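Asker: Fold the stuff below for me.
(chains A and B)
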Amino acid sequence: MTADATLGGKSTRGPLLGGGRRKARSSYEVASQWRLMWWKFRKHRMAMAALPIICIMYLLTMCCEFFAPTLPLTRFKSHKDCPPTAIHLFREGEFIGPYILRKDSGMDPVTYRRVFVDTDEVVKMGFFVHGEPYKMWNLIPTDIHFFGPVESGGEFFLMGTDSLGRDVFTRALYGGRVSLSFAVVSIFFTFVIGLTLGGLSGYMGGFVDGIVQRAIDVIMSIPGIPLWMALAAALPKDMSSYTRYLFMCVIMSLVGWTGLGRVVRGKILSVREEEFVTAARLSGATHGRVIFKHMIPMFMSYIIVSITGSIPATILGETSLSFLGLGLQAPTISWGTLLQDCQTIEAIAQQPWKMFPALFIVVTVLMFNFAGDGLRDAADPYK
Amino acid sequence: MRSAEALTAPDPNRLLEVRGVKKYFPITKGFLKRTVGYVRAVDDVDMYINKGETLALVGESGCGKTTLGRCVLQAIKPTAGEVYFTTRKDERVDLTTLPYDRLRVVRRDMQMIFQDPYASLNPRMTTLNIIAEPLVCHRLMSGSRLRGYVRELMETVGLNPHHLERYPHAFSGGQRQRIGIARALATQPRFLVCDEAVSALDVSVQAQILNLLMDLQEKMNLSYLFISHDLGVVSHISDRVGVMYVGHIVELADTAALFDRPMHPYTKALLSAKPVADPRRKSHRIMLEGEVANPSKLPPGCPFHPRCREAAAECGERKPEWREAEPGHYIACHRA
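Answerer: Sure thing, here's the model as predicted:
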């Protein structure tokens, strides 16, 4: 028939352009929405650069026991406020592999401040070294660390130490585990609340819609931080750190679901009027089938975009709350609680390495924003 | 009673009977969504379709053809009226009162071909899944049997069965429309609503699809409700034609009778607008005065009377009744 003839005509052009082109064409025709999205996403350079960095971040923090040179609560009493240790490769013009110089502490005779000076004592560094014993994921007892001084007892601080002599890098990794997982858990709650309420609002319309939309208006009109503070202040003081973590997630999502709720409602409203949804109903599909098979897949990609977009906001929210002392609290380690050490001008002026956790935050937030940009561009491959 | 046919016992030849169907869309205003009026998209329509027959509905844009078609299939719930349908078990059911789940079962026998081949196919599903959707919904087939059957269907409508795994975005408009037709045919229905099924296609493809529809009608004893604004297409495919004007059917007759001897002044005007491919023939086009009536503010009496050349005082006072002027030739006009 004519229809096939036109198609045949198009594909006969294929061999002239070379086999590869022809293959690409036919695979485009059978490419699912997700594959089209991936093709479009791949073209976004920043997003493609951000993706591996995000993965590395999550890998580092998920296996932070292994990647951290020490333990987060180990105190090096003679190395309080110690600046970052430099890693050297060459000794007197000769390559001898990575090593550090042991530091001695002394007193500055003028300012009476403790200062650290490098001695001549070489401590070799290596990968997969034996260090402090720990339990991987609280399950597997081991003492192998990804990298560190080969001989035990070598004080190696990649990002310096805090005022109690604890390694900032180690603590930043452990804090990342809390902060990054916090984002995921609270996004999960946001997703559940936003999808349910937004979906109900759009699908049922009328009275329910009015109530949900006015609730969103009210929540959105209250400035974020005071609202979090009010909710966080309502948590009892004697909560265990795990419960507090969960409650903080719930608080973040109670405030943060509104954007997603609006997106879901709008999408349901527009998809409900789509001709193919009517077609599905006329084909004899049940309500459930119409909703799950025809409606939700239509805006799933938008939800994913919206979620990726709100991860940085969640991380920043948790960090600011913890920084203010209202979110997660010591001894829980998160990027926010770590930054509490930088609350004095003195710390920033004299021990700037304590700001390293902020670098982690900045990098993570930036990378999520780049990835979110790429996803937004890729979200609708048909336009 | 509105019509003579409603009084008679149900004819065994009747597949579908529409009685007094109305669809009023409320016009809401303000914060509290107060209803301030209604758009009378379909107003008191009676008609029937026999088995194996094609009934065409014609009329200008916005006259309620599509709304009526959708009311028949219960894609939109009519405000009032009854729609009787004879299922394949020869049960006569009123579709308007059926609960969703029983209606769902009846949908196996009545399907729809949509106007827009781009909007009516789910872009996230492959051709296989789109065509198989009604079969899966009614649990008629699965697995390799389903696949084989879908291949057959694709061949029937003139698609290459190798394109089973393709997504709609890889097809042209005409091919998409064929996918829509294959989907509508999948459950072997007895009744199809073709809502401007060929309007979106170019003329050569239109002819192919029309011939396909007519072939299928012969093979499967299908009945069509064929909604169109194209008089040429309608005269080609239909057995009987209904003419709609702002929500009312004003005239309904056999195709030949309607095209040769139109009775209603609106039908006459409409038919005079049909282009004739003969430059020598002088067209006697009847130009209608005024605007199409606003379906939210219908004039009293006959909705057409403000534009009607033959209108009398009576037309503005009393709504003309739906009567059988000649055997099989129904009309709503005081003057004809």
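
Asker: list the contacts for the most centrally placed residue in chain B?
Answerer: Nearest residue to the geometric centre of chain B (Cα atoms, centre = their mean): residue B:227, 3.8 Å. The neighbourhood of residue B:227, defined by Cβ atoms under 8 Å, 6 or more residues apart in numbering or on different chains, consists of B:56-57, B:65-66, B:68-69, B:193-196. To be clear about C-beta, it is placed using only N, CA and C from the backbone, and glycine gets the same treatment.

Asker: Check these against chain A and report the nearest one.
Answerer: Closest to chain A out of the contacts of residue B:227 is residue B:193 (8.8 Å), distances taken as Cβ to the nearest Cβ.

Asker: Tell me, how many residues neighbour that closest one?
Answerer: 27 (other Cβ atoms under 10 Å in any protein chain shown).

Asker: Ok, residue A:181 next?
Answerer: With other Cβ under 10 Å as criterion, residue A:181 counts 16.

Asker: cool, residue A:58 as well?
Answerer: Applying other Cβ under 10 Å, we find 16 residues neighbouring residue A:58.

Asker: what's the answer for residue B:211, then?
Answerer: Residue B:211: 12 neighbours (other Cβ under 10 Å).

Asker: Determine the set of other helices and strands touching the longest helix seen in chain B.
Answerer: As assigned by DSSP state H, the longest helix anywhere in chain B is helix B:203-220. Judged by 3 or more Cβ pairs under 8 Å, 6 or more residues apart in numbering or on different chains; DSSP states H and E, helix B:203-220 is in contact with helix A:2-17, helix B:173-185, strand B:223-227, helix B:231-237.

Asker: In chain B, what helix or strand scores lowest on average pLDDT?
Answerer: Ranking every helix and strand in chain B by mean pLDDT, DSSP states H and E puts helix B:4-7 at the bottom, with a mean of 46.

Asker: buried set for the very next helix or strand once past that helix?
Answerer: Using DSSP states H and E, the helix or strand that follows helix B:4-7 towards the C-terminus is strand B:14-29. Residues B:14-25 are the ones in strand B:14-29 that count as buried (16 or more other Cβ atoms under 10 Å in any protein chain shown).

Asker: Could you pick out the one among those with the lowest pLDDT?
Answerer: Scanning the buried residues of strand B:14-29 for pLDDT, the low point is residue B:14. It has 86.

Asker: So that residue is in contact with residue B:55, correct?
Answerer: No: the criterion here is Cβ atoms under 8 Å, and residue B:14 misses it with residue B:55 at 11.7 Å.

Asker: Just the ones in helices from the contacts of residue B:227, please.
Answerer: Among the contacts of residue B:227, the members found in helices (DSSP H) are B:65-66, B:68-69.

Asker: Okay, and the beta partners of the residue nearest to the centre of chain B?
Answerer: residue B:57, residue B:195 (DSSP bridges).

Asker: what's the spacing between it and residue B:61?
Answerer: For residue B:227, the distance to residue B:61 (Cβ to Cβ, to the nearest Å) stands at 12 Å.

Asker: Assign a three-state SS to the closest residue to residue A:232 other than its chain neighbours, would you?
Answerer: Of all residues not flanking residue A:232 in the chain, residue A:326 sits nearest, at 4.4 Å (Cβ to Cβ, 6 or more residues apart in numbering or on different chains). Following DSSP: H, G, I helix; E, B strand; the rest coil, residue A:326 is assigned to coil.

Asker: which residues does residue A:326 contact?
Answerer: For residue A:326, the contacting residues are A:228-229, A:232-233, by Cβ under 8 Å, 6+ apart.

Asker: Just the local confidence number for residue B:97, please.
Answerer: What the model reports for residue B:97 is a pLDDT of 90.

Asker: quick revisit: can you add distance to residue A:116 and give the buried residues of strand B:14-29 back as TSV?
Answerer: Output for these, formatted as TSV (distance: Cβ to Cβ, whole Å):
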residue	distance to residue A:116
B:14	99
B:15	95
B:16	93
B:17	97
B:18	93
B:19	96
B:20	95
B:21	90
B:22	90
B:23	85
B:24	85
B:25	80
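
Asker: just the residues you listed now: which is nearest residue A:107?
Answerer: Residue A:107 has its nearest neighbour among these in residue B:25, at 86.9 Å by Cβ to Cβ.

Asker: isn't the closest one right next to residue B:41, touching?
Answerer: Yes: look at residue B:25 against residue B:41 with Cβ under 8 Å: they come within range, at 5.9 Å.

Asker: Going along the chain from the top strand by length along chain A, find the next helix or strand for me.
Answerer: Determined from DSSP state E, the single longest strand within chain A is strand A:114-136. Next in sequence after strand A:114-136, counting helices and strands by DSSP H and E, comes strand A:140-149.

Asker: Briefly note if the following helix or strand past that next one comes near chain B.
Answerer: Next along the chain after strand A:140-149, taking DSSP H and E as the criterion, comes helix A:168-204. No: Helix A:168-204 is not in contact with chain B by Cβ under 8 Å from any Cβ of the partner chain; minimum separation 14.6 Å.

Asker: Could you tell me which residues within helix A:168-204 count as buried?
Answerer: Going by neighbour count (16+ other Cβ under 10 Å), the buried part of helix A:168-204 is A:168-183, A:185-187, A:189-191, A:193-195, A:197-203.

Asker: what does stretch B:245-258 give?
Answerer: Residues of stretch B:245-258 classed as buried by neighbour count (16+ other Cβ under 10 Å): B:245-255, B:257-258.

Asker: Show only the entries of those found in helices.
Answerer: Reading helices off the buried residues of stretch B:245-258 with DSSP H, I get B:255, B:257-258.

Asker: and which of those is nearest to chain A?
Answerer: residue B:255 (27.0 Å).

Asker: The closest one and residue B:235 touch, don't they?
Answerer: Yes: using Cβ under 8 Å, residue B:255 makes contact with residue B:235 at a distance of 5.9 Å.

Asker: Could you name every residue contacting both of the two?
Answerer: residue B:241.

Asker: Surely residue B:325 touches residue B:264?
Answerer: No: the criterion here is Cβ under 8 Å, and residue B:325 misses it with residue B:264 at 9.5 Å.
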